[in-house]
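# From the sequence below, what's the structure:
(one chain, ligands or ions: 1)
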Amino acid sequence: MNSLTITRPDDWHLHLRDGAMLAGVLPYSAAHFSRAIIMPNLVPPVVTTADAAAYRNRIEMALPPGSTFQPLMTLYLTEATDADDVARGFQEGVVRAVKLYPAGATTNSQSGVRDIEKVVPVLERMAEIGMPLCIHGEVTDADIDIFDREAVFIERVLEPLRRRVPGLRVVMEHVTTKNGVDYVLANPKGLAATITTHHLIINRNAILAGGIRPHYYCLPVAKRETHRLALRAAATSGDARFFLGTDSAPHTDASKQTACGCAGIFSAINTMACLAHVFEEEEALDRLEAFTSLNGPAFYGLPPNEARMHLKRAADPIAFPPRIETGEGPVTVFDPMFPIHWFVADEAG
Ligand SMILES: [Zn+2]
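Sure thing, here's the model as predicted:
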């Protein structure tokens, strides 16, 4: 197959940052995706509906002229979050979901939740009104090995939380383990998972074997090969509980190539090309559309996009830029370490 037409995709987990970085990276997401769930981990975080409306406005101001890209806003859950404000934001259509970061789990998560009991009233309200909770599913305890933090989170936090607040709709963001996939598969109702592009492509060797490669470091960290294979099977299965969240998360090269580098991989620019490659390898190109364009809207109760996307396969590999320039400095583009032949033939905006 040399070309493919699908419903235009959405990105159900995206970091756009703010200011000069926002201006630098937004056009790449807007060129391919119609909508994206925007992560709220700014400094300071997006906590209230008013914060989300102001951030949405800044994103819209940074869009290329004529772009119809729609940012879907989230709130950063803190132990002081006001349930009334959350409900109002959801009912007014300003906010689509709330994001739970365990304190200290990833970039700018210092304000995250330490004691789940403190946020139960907010979660109960969300369950009542059908508002999804997006979860960064890793424990942050220093005594838990970084490669085990997702599996331990499921057992110690997620399962008790779902029992405590039945009816809460939950998205396990960026699952990275077979444990995460199996947990979703075992729970037919109200639970879904996003999967990133890079976790379908790299395992932990990419970060650590033959030299340390900071541009493959992200959180949750890539795991061993058995987990990558489980993620591939889930993403390419067509199962409606799995959908794309790129977790494209730009950091400048200066902040990644240092003694304590930041976690995050920037993949907005070549995600669709990489995914077409992965789905082709798995002989599942006919299920790419479900993963990128249909399952996500269905979970969030939104219609799929009316616009279409045309992907083409070139005879020669496509040369993506190794890095992009932003007002904050250069940002390295995800390198899948295989030649990419697919490309998006009709970029928007
Ligand atoms: Zn993220």
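# Quick one: the helices in the chain, in order.
For the chain, the helices defined by DSSP state H occupy 19-32, 49-62, 83-91, 120-129, 149-153, 159-164, 178-185, 205-208, 225-235, 253-256, 271-281, 288-289, 295-300.
# Distance to residue 320 for those - can I get that in CSV?
(C-beta placed from N, C-alpha, C; glycine too.) Converted to CSV, the helices of the chain look like this (distance: least, CB to CB, whole Å):
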stretch, distance to residue 320
helix 19-32, 11
helix 49-62, 22
helix 83-91, 37
helix 120-129, 39
helix 149-153, 29
helix 159-164, 40
helix 178-185, 29
helix 205-208, 17
helix 225-235, 21
helix 253-256, 16
helix 271-281, 7
helix 288-289, 19
helix 295-300, 24
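# Ok, which of the ones you listed comes nearest residue 3?
Ranking the helices of the chain by proximity to residue 3 (CB to CB) places helix 271-281 first, at 10.2 Å.
# got a list of what residue 122 touches?
Contacts here follow CB atoms under 8 Å, 6 or more residues apart in numbering; on that basis residue 122 touches 77, 81, 82, 83, 86, 98.
# Now do the same for it: its pLDDT.
On pLDDT, residue 122 comes in at 98.
# now the end-to-end length of stretch 238-256.
35 Å (CA to CA, to the nearest Å).
# mind listing what the residue with the largest distance to the centre of the chain touches?
Here the chain reaches farthest from its C-alpha mean at residue 315, the gap being 30.6 Å by CA atoms, centre = their mean. With contacts defined as CB under 8 Å, 6+ apart, residue 315 is in contact with residue 341.
# With residue 20 instead?
326, 327, 328.
# need the residues you listed in JSON lines with pLDDT, distance to residue 308 and neighbour count, can you?
Output for the contacts of residue 20, formatted as JSON lines (pLDDT from 0 to 100; distance: CB to CB, whole Å; neighbours: other CB atoms under 10 Å):
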{"residue": "326", "pLDDT": "98", "distance to residue 308": "30", "neighbour count": "19"}
{"residue": "327", "pLDDT": "98", "distance to residue 308": "33", "neighbour count": "10"}
{"residue": "328", "pLDDT": "98", "distance to residue 308": "34", "neighbour count": "19"}
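# pLDDT below threshold where in the stretch 151-300 of the chain?
Judged against pLDDT under 70, the stretch 151-300 of the chain has no low-scoring part.
# try 90 this time
Across the stretch 151-300 of the chain, the ranges flagged by pLDDT under 90 are 188-189.
# so which of the helices of the chain comes closest to residue 307?
For residue 307, the closest of those is helix 19-32, at 11.0 Å, according to CB to CB.
# Show me what counts as buried in that closest one.
Buried positions in helix 19-32, judged by neighbour count with 16 or more other CB atoms under 10 Å: 21, 22, 23, 24, 25, 26, 27, 28, 29, 30, 31, 32.
# residues making contact with stretch 279-290?
With CB under 8 Å, 6+ apart as the test, stretch 279-290 has contacts from 1, 4, 6-7, 232, 236-238, 240, 275-276, 291, 313, 342.
# What pLDDT is listed against the closest residue in space to residue 118 that isn't next to it in sequence?
Leaving aside its sequence neighbours, residue 118 sits nearest to residue 79 (CB to CB, 6 or more residues apart in numbering; 4.2 Å). In this model, residue 79 is scored at 93, pLDDT.
# Where neighbours are concerned, which of the contacts of stretch 279-290 has the most?
Highest neighbour count within the contacts of stretch 279-290: residue 291, with 27 neighbours (other CB atoms under 10 Å).
# That residue against residue 236, yeah?
Yes: between residue 291 and residue 236 there is a contact at 7.2 Å, judged by CB atoms under 8 Å.
# How about the contacts made by the residue nearest to residue 118?
Residues near residue 79 by CB under 8 Å, 6+ apart: 113, 114, 115, 118, 119.
# Let me see the ranges of the strands in this structure.
Applying DSSP state E to the chain gives strands spanning 3-7, 11-14, 35-38, 70-76, 95-100, 133-135, 170-172, 191-195, 242-244, 308-313, 323-326, 329-332, 342-344.
# Which neighbours in the sheet does the last one have, and how are they oriented?
In its sheet, strand 342-344 lies beside strand 308-313 (antiparallel), with partners assigned from DSSP bridges.
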